[in-house]
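Chemist: I need the structure of the sequence given here:
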Amino acid sequence: MTRWNATVLLALALLASPAFLFGQQQEEVEWSIESLSKKAGSEPAYDYTSGIVVASNGVLVKYGGVVLTADTVAVQLATGEAIADGDVRIQQADQLWASQHINYNFKTHQIEAKQFRTGTPPIYASGAGLFGDMTNRSYTATNALLTTDDVAKPGIKLRAKKIVIIPGKRIIAYHATLYMGEVPVFYFPYYSHELGPKSNNFNFTPGYRSLYGPFILGRYTWYYNDELDGVLHLDYREKRGPGVGPDVNYNFGRWGEGTFKYYYTHDDAPNTDDLGVNIPENRQRVWFSYQANPATNLYLKSLVRYESDLAVTRDFFEREYLANPQPNTFVEANKFWQNFSVDAYVQPQVNGFLETVERLPDVRLTGYRQQLGDSPVYYESETSAGYYRRSFAENSGIYGAPPGLDYEAGRADTFHQLLLPQTFFGWLNVTPRVGGRLTYYSAATGPGATTDEETRGVFNTGAEVSFKASRLWSGVQNQLFEIDGLRHIIEPSANYVFVPSPSTPPDQLPRFDYELPSLRLLPIEYPEYNAIDSIDSQNVIRWGLRNKLQTKREDKVVNVVNWDVYTDWRLHPQAGQTTFADLYSDLAVRPWSWLTLESLVRYDINDRLLRMSYTTLAFQPSPAWTWRLGQYYLRDDFSSSPTALGEGNNAYTSTLYYRLNEDWGLRMAHYFDARTGRLLQQSYTAYRDLRSWTAALSFVVRNNSNGPQDYGVAFTFSLKAYPHFGLGTDSAGAYSLLGL
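Modeler: Purely as a prediction, here's the structure:
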């Protein structure tokens, strides 16, 4: 390979043109012209009269960040004009141009070609009559084709009479027709597309659902800059009417980031589901989130979620509803130091149909566990003050108590505790503790108020005892069960808590922070137990036993078995309590890397009844298919306890994904109610990979126990360059594929 560098070329140019040398010295840009062939006579030749360098049999030219390769090239060094023939490629920043013949100016970047191909991934174009307009720094072509498919015969493409390319910024097409294969499907008189990783794009989900009728859900995703982007929703449901609203994402660095969402629909059939209350036709929801870190260890958060009625999110944003059916609104500020933090929290009632404990505000000072000087004693504390209002739901037919029971009061609470962690015999950990809390309540006001001004004192003490033992069998090998050495770890623990009767019983206090129904065992130790207004006497030991069996797989330590068992022994049970709490078991087993079993069990020791079980079994023997099975059982609990769980459940779930080949995939999901013997939900999806875009056809059937059968079908497609859904979005349900 022969390289004519800038020094040689400038020396030759000096003999021919002093003016050219002066210009080159001013610009200080290096010409590099290389022969890509070792054949004799392939070296670049310089014409002293014309100032032109000519090379053939494969040439590489570099100048000012532009790279050109071709079979033959003639370059006028003074003006930068080049004529290239044969497999011409020009790399200009992120833009690649290709043709058999191109006239190109390295200095002005003007380009002309009869036929061309170009691309800035993920957008590619080809056409005729290419001409570069350097005034507007754009390029124009006629009879052009746009596609995201970088192959000779693209599956999806846009044919246009004229396109304008602004490198790195935008492609504009005039009189364009969208083709699927060779079939025209849509006409655009004008189409503009941003280039780069954040480009504006459309997505549509057409389908049919019995509750909606035929529908089409449209999304226009737009990007203004790194600080501002969003989505505009344009929906139409034949039975329900139109829906529209923007999602705006903002990011101002240290001054905060978040999202604003608004959605409005004029619902033509708002009472499709008989909920026992009247649903208005004008339905809307507002979502506003904000979080910022404006200074060191200072964090600000805010979330506002307004809904015009109790079912608007369930009807039109089902994924959000399933994630959180009772959204709250709050504003929070946190400031952290090494041993302390201050939190200010405001929570108003925004949605009147949901019960809310309003905090107006709640300010909390937390002292983290810290050593007192050089002593072996540790100290922790939590102090809070605020004004609270318990606002019940306005509609007693759906949620909460009858109206007219709201009450409010001020509260100041302070808790302090000393701990003395000790290790005996080198392995036994013992941590005794003693603490106290003082709480002041103002006289409650409001129609539901029943309490006077009160001051309550609480004393607590106890100790936690635990140790860990392990044994290693490094020589154990078993290829079948993927065992490469074994280690067993056992961790017994006992946590004793003693709280004598508080100076004021809970029934004489306003209830703002109280125990809620829970499938898991509630904390017994302060300050983790945060139901401040429900604190009562305790004399209990929490027993726990954890076992781990570990091995090495792919040079990583994994838990083959992780089993945690625990329960409470109530030495002096309260009214309505039994001596022993339910026995809880949390188990995870991975006998093979492709098989995982997880089980959560709650067993009533006293009545010898299974209260709750949740079991999942996940298979993934190969990338071609996965299968996840689940079973959830919950026994009825209609006791008078405020933490009663209510109506139970007995359900079986199955989700299977199978990849038939490189182009096709299938997904099936089922939800079976064993109590009623009904298949409550079934969904089926066929996926098709079309190289540059993907498509999915989904079908869902729901047998609602309190309403008509609901079924739907939807067709979802999106370009891989601008995917409609994130990776794994549809793994939890078919709702995303239906646009819900």
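
Chemist: now A152: how far from T694?
Modeler: 21 Å (CB to CB, to the nearest Å). (Each C-beta comes from the backbone N, C-alpha and C, glycine too.)

Chemist: likewise Y379?
Modeler: Taking CB to CB, one finds Y379 at 58 Å from T694.

Chemist: can you give me the mean pLDDT across the helix or strand where I33 lies?
Modeler: Using DSSP states H and E, I33 falls within strand 32-35. On average, the pLDDT along strand 32-35 is 88.

Chemist: who does it pair up with?
Modeler: strand 3-4 (antiparallel), strand 59-63 (antiparallel) (DSSP bridges).

Chemist: among those strands, which is nearest T118?
Modeler: strand 59-63 (18.2 Å; CB to CB).

Chemist: can you tell me what sits against the closest one?
Modeler: Contact with strand 59-63 is made by 29-36, 44, 67-73, 75, 80, 82, 84, 106, as judged by CB atoms under 8 Å, 6 or more residues apart in numbering.

Chemist: now stretch 643-651
Modeler: 515-519, 522, 631-638, 671-675, 680.

Chemist: do that again at 6 Å, thanks
Modeler: The contact list for stretch 643-651, computed with CB atoms under 6 Å, 6 or more residues apart in numbering, reads E515, P517, Y632, Y633, L634, R635, D636, D637, D673, A674, R675.

Chemist: cool, and stretch 538-551?
Modeler: 483-499, 524, 557, 559-572.

Chemist: so for it, what's the average pLDDT?
Modeler: 96.

Chemist: for it, C-alpha coordinates in PDB please.
Modeler: Output of stretch 538-551 as PDB, limited to C-alpha atoms (Å, rounded to 0.1, in the frame of the first residue of the first chain):
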ATOM      1  CA  GLN A 538     -46.700  -7.100  74.300                       C
ATOM      2  CA  ASN A 539     -44.800 -10.100  75.700                       C
ATOM      3  CA  VAL A 540     -43.700 -12.100  72.800                       C
ATOM      4  CA  ILE A 541     -40.700 -14.100  71.400                       C
ATOM      5  CA  ARG A 542     -40.200 -14.200  67.600                       C
ATOM      6  CA  TRP A 543     -38.400 -17.500  66.700                       C
ATOM      7  CA  GLY A 544     -36.600 -17.800  63.400                       C
ATOM      8  CA  LEU A 545     -34.600 -20.400  61.600                       C
ATOM      9  CA  ARG A 546     -32.900 -19.800  58.200                       C
ATOM     10  CA  ASN A 547     -31.100 -22.500  56.200                       C
ATOM     11  CA  LYS A 548     -29.000 -22.000  53.100                       C
ATOM     12  CA  LEU A 549     -27.400 -24.600  50.900                       C
ATOM     13  CA  GLN A 550     -25.000 -23.000  48.400                       C
ATOM     14  CA  THR A 551     -22.900 -24.200  45.500                       C
END
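
Chemist: just the buried residues of it, please?
Modeler: By 16 or more other CB atoms under 10 Å, the buried positions in stretch 538-551 come out as Q538, N539, V540, I541, R542, W543, G544, R546, K548, L549, Q550, T551.

Chemist: want to try CSV for the residues you listed, with distance to T461 as columns?
Modeler: Converted to CSV, the buried residues of stretch 538-551 look like this (distance: CB to CB, whole Å):
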residue, distance to T461
Q538, 11
N539, 11
V540, 12
I541, 13
R542, 15
W543, 19
G544, 20
R546, 25
K548, 31
L549, 36
Q550, 36
T551, 42
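
Chemist: widest-spaced pair of these?
Modeler: N539 and T551 (41.9 Å).

Chemist: need the helices for the stretch 201-350 of the chain, in chain order.
Modeler: 312-316, 318-323 (DSSP state H, counting those that start in this stretch).

Chemist: centre of the chain to the longest one, how far?
Modeler: If I follow you right, that is helix 318-323. Distance, stretch centre to chain centre, for helix 318-323: 14 Å (CA atoms, centre = their mean, to the nearest Å).

Chemist: for it, which positions count as buried?
Modeler: Those would be E318, E320, Y321, for helix 318-323 by 16+ other CB under 10 Å.

Chemist: can I get the strands paired with strand 32-35 in TSV including distance to W664?
Modeler: TSV is the format used below for the strands paired with strand 32-35 (distance: least, CB to CB, whole Å):
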stretch	distance to W664
strand 3-4	51
strand 59-63	44
